[in-house]
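Student: structure for this input, please:
(2 chains, ligands or ions: 3)
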Amino acid sequence: MELLKWTDDYSVGIVIIDYQHKRLVMLINKLYDSMLEGKTMESITEIFEGLEDYIKNHFETEESFFKEFNYEDMKTHIKEHKVFVDQISQLKKDYLSGKNTVSVELLDFLKNWLSEHILGSDKKYISCFKENGVI
Amino acid sequence: MDKLKSTISNDFHSSKMSESDFKVLSEFIYKEYGIKMPPSKKILLESRLQKRLKANHIDTFKEYCEYVFSEKGNETEIVHMIDVVSTNKTDFFRELAHFEYMNEVLLPSFTSQNSNEIKIWSSACSSGEEPYTIAMVMSEYNLQHSPINFHILGTDISSAVLHKAENAIYAEDRIKEIPHSILRKYFLKSKDLTKPTVRVVSEIRKKVAFCRLNLMADNYPISESFDIIFCRNVLIYFDRITQEKVIGKLCEKLKPNGTFFLGHSESLLGMDLPLKNIKPTIFKKI
Ligand SMILES: C[S@@+](CC[C@H](N)C(=O)[O-])C[C@H]1O[C@@H](n2cnc3c(N)ncnc32)[C@H](O)[C@@H]1O
Ligand SMILES: [Fe+2]
Ligand SMILES: [Fe+2]
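Tutor: Numbering: from 1, shown residues only, chains lettered A, B, ... in the order given. Ligands and ions are numbered 1, 2, ... in the order given. Sure thing, here's the model as predicted:
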């Protein structure tokens, strides 16, 4: 089942970023599936950690472009990433310690954050990237 | 004069990579495949990818980038691109979890079943790091438990890497990550100080047999069955249908209840195979 469906509305028109965003959507859907299917804690943890890693990866990519192009909104954008990374790591801790489960609420949170962030903050850097020749 | 002309026209045909194209490709190659591409590698990447541009009849790197990330390119080109930049990348003790699983779960269960011989196949063994790691894991296990006899087969399609595997000589920087206790036991340093290399000791070397085998072949000329098969980081070379075929054929060579190890970024999702998922990338034959 698809919790979040990729559509062209999400495209920022920069090939590597679209690629990574699609991967993120796929990983969120995978986590959702594993929850629905009642997979073991071990395999859910694995998928959760895979998602967490990929999120960090993706943020690093965006941020390394920001730095290279001295993107004007860099500070705010990086802050947003950092807050999210911290939230995820807390969610994961709570999951591992049994304080929380991988639930519909958690997945909704991930889904909403990602789609709002792409449609809001990410779309703002398009012109800067394009001006610097990124396709 | 003719020679000069031809160099000039060759130059003309080789396309240049812009900084931003390099940034995109290197970022992608590093993030998705773990292969580091610092700016110093730009010329290398540019020259290695020329033949991919030619093969696809593409003139510029800009178009090439667009192609790589398009849906079609995604399916067909990325493997080739990774192939030219990563040829045969491998490591000793790569994906440690598999060797831990062998040591902690598989081998103890072997002993309790009173089997006294175990056969292991490293089916895309590259320059030998994987099968030699397996042999070291086995030896270490045998030092502390009632010994299990073992045979390891290493196969690959490339005779060049098999040749390296048989020689078992590696540059010293390839073994940086290996724990000291293992290094001391299983590697010999060369006496030549100008060329810092190490060689796997003969006790380990003689446990591994190498031969050439193309996983895409219709029949595998191997008569025995294995308790464990490693098939790691090679599926990326194949399309999905071939992947399923290849694994199906490997499964025929796997004993009932035998174990199958897959590379960390690979998946058998949706394939119809006689395998049961035990842990991520670890399967059992049913
Ligand atoms: C990236 S290396 C993986 C080595 C090792 N299994 C590991 O995980 O570290 C991939 C190897 O697959 C081999 N290979 C590619 N196509 C193959 C084929 N059709 N049959 C057998 N080996 C193949 C390549 O020659 C290369 O040595
Ligand atoms: Fe993003
Ligand atoms: Fe972002």
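Student: which residues touch the residue positioned nearest the centre of chain A?
Tutor: Nearest residue to the geometric centre of chain A (C-alpha atoms, centre = their mean): residue A:55, 4.7 Å. By C-beta atoms under 8 Å, 6 or more residues apart in numbering or on different chains, residue A:55 lies in contact with A:24, A:84, A:85, A:88. In short, each C-beta sits where N, CA and C put it, glycine included.
Student: if we go to 7 Å?
Tutor: Going by C-beta atoms under 7 Å, 6 or more residues apart in numbering or on different chains, residue A:55 touches A:24, A:85, A:88.
Student: spell out which residues of the stretch 51-200 of chain B are next to ligand 1.
Tutor: B:88, B:89, B:90, B:94, B:124, B:126, B:130, B:156, B:157, B:158, B:161 (C-beta under 6 Å from any ligand atom).
Student: residues of chain B that sit close to chain A?
Tutor: Neighbours of chain A within chain B, by C-beta under 7 Å from any C-beta of the partner chain: B:18, B:20, B:23-24, B:27-28, B:31, B:62, B:65-66, B:69, B:279-280.
Student: just the buried residues out of those residues, in PyMOL syntax.
Tutor: A single PyMOL command selects the buried members of the residues of chain B next to chain A (16 or more other C-beta atoms under 10 Å in any protein chain shown):
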select buried, chain B and resi 18+20+23+24+27+28+31+62+65+69
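Student: which pair of the residues of chain B next to chain A spans the longest distance?
Tutor: Farthest-apart pair in these is B:18 and B:279; separation 43.6 Å (C-beta to C-beta).
Student: ok, for the residue in the stretch 151-286 of chain B positioned nearest to chain A, nearest residue in space, not its chain neighbours?
Tutor: Residue nearest to chain A within the stretch 151-286 of chain B: residue B:280 (4.8 Å; C-beta to the nearest C-beta). Counting by C-beta to C-beta, 6 or more residues apart in numbering or on different chains, the nearest residue to residue B:280 once its immediate chain neighbours are dropped is residue A:46, at 4.8 Å.
Student: got a pLDDT number for the one you found?
Tutor: The per-residue pLDDT reported for residue A:46 equals 79.
Student: how far is the one helix or strand it maps to from where the chain is centred?
Tutor: Per DSSP states H and E: residue A:46 is located in helix A:41-69. Per C-alpha atoms, centre = their mean, to the nearest Å, the displacement of helix A:41-69 from the mean C-alpha position of its chain is 7 Å.
Student: give the buried residues for that helix.
Tutor: A:44-48, A:50-52, A:54-55, A:57-59, A:61-63, A:65-66, A:69.
Student: before we move on, what about stretch B:91-101?
Tutor: Buried residues in stretch B:91-101 (16+ other C-beta under 10 Å): B:92, B:93, B:94, B:95, B:98, B:99, B:101.
Student: show me which of those residues is closest to ligand 1.
Tutor: Ranked by distance to ligand 1 (C-beta to the nearest ligand atom), the buried residues of stretch B:91-101 are led by residue B:94 at 4.7 Å.
Student: how about the secondary structure of that closest one?
Tutor: With DSSP: H, G, I helix; E, B strand; the rest coil as the basis, residue B:94 sits in coil.
Student: so who does it touch?
Tutor: B:129, B:130.
Student: ligand 3 contacts on chain A?
Tutor: Residues of chain A lying close to ligand 3 (C-beta under 5 Å from the ion) are A:62, A:122.
Student: could you rerun that using 8 Å?
Tutor: A:58, A:59, A:62, A:77, A:80, A:81, A:117, A:118, A:121, A:122, A:125 (C-beta under 8 Å from the ion).
Student: would you confirm that the second one contacts residue A:81?
Tutor: Meaning residue A:59. Yes: counting by C-beta atoms under 7 Å, residue A:59 does reach residue A:81; the two are 4.3 Å apart.
Student: coming back round to it: what is the nearest of the buried residues of stretch B:91-101 to ligand 3?
Tutor: Nearest to ligand 3, judged by C-beta to the ion, of the buried residues of stretch B:91-101 is residue B:95 at 30.0 Å.
Student: rewinding a little: the residue of the stretch 151-286 of chain B closest to chain A reaches residue A:45, doesn't it?
Tutor: No: shown here, residue B:280 and residue A:45 do not form a contact pair, counting by C-beta under 7 Å, at 9.7 Å.
Student: rewinding a little: next structured bit after the helix holding residue A:46?
Tutor: helix A:74-96.
Student: let me know the next secondary structure element after that following helix.
Tutor: With DSSP H and E, the next secondary element past helix A:74-96 is helix A:104-117.
Student: elements contacting that next one?
Tutor: Where contact means 3 or more C-beta pairs under 7 Å, 6 or more residues apart in numbering or on different chains; DSSP states H and E, helix A:104-117 is packed against helix A:15-36, helix A:74-96.
Student: pLDDT score assigned to residue 37?
Tutor: Picked chain A for this. As predicted, residue A:37 sits at a pLDDT of 91.
Student: chain B, not that one
Tutor: Reported pLDDT for residue B:37: 84.
Student: check residue B:11 too.
Tutor: On the pLDDT scale, residue B:11 gets 45.
Student: who are the contact partners of the residue in chain A positioned nearest to ligand 1?
Tutor: Closest to ligand 1 within chain A is residue A:50: 18.5 Å, counting by C-beta to the nearest ligand atom. By C-beta under 7 Å, 6+ apart, residue A:50 lies in contact with residue A:27.
Student: switch to 10 Å and redo it
Tutor: Contact analysis of residue A:50 by C-beta atoms under 10 Å, 6 or more residues apart in numbering or on different chains lists A:27, A:30, A:31, B:264, B:265, B:280.
Student: go on, residue B:235?
Tutor: With C-beta under 10 Å, 6+ apart, residue B:235 has these contacts: B:79, B:124, B:215, B:242-244, B:246-247, B:262-263, B:265-268.
Student: separation between it and residue A:26?
Tutor: For residue B:235, the distance to residue A:26 equals 18 Å [C-beta to C-beta, to the nearest Å].
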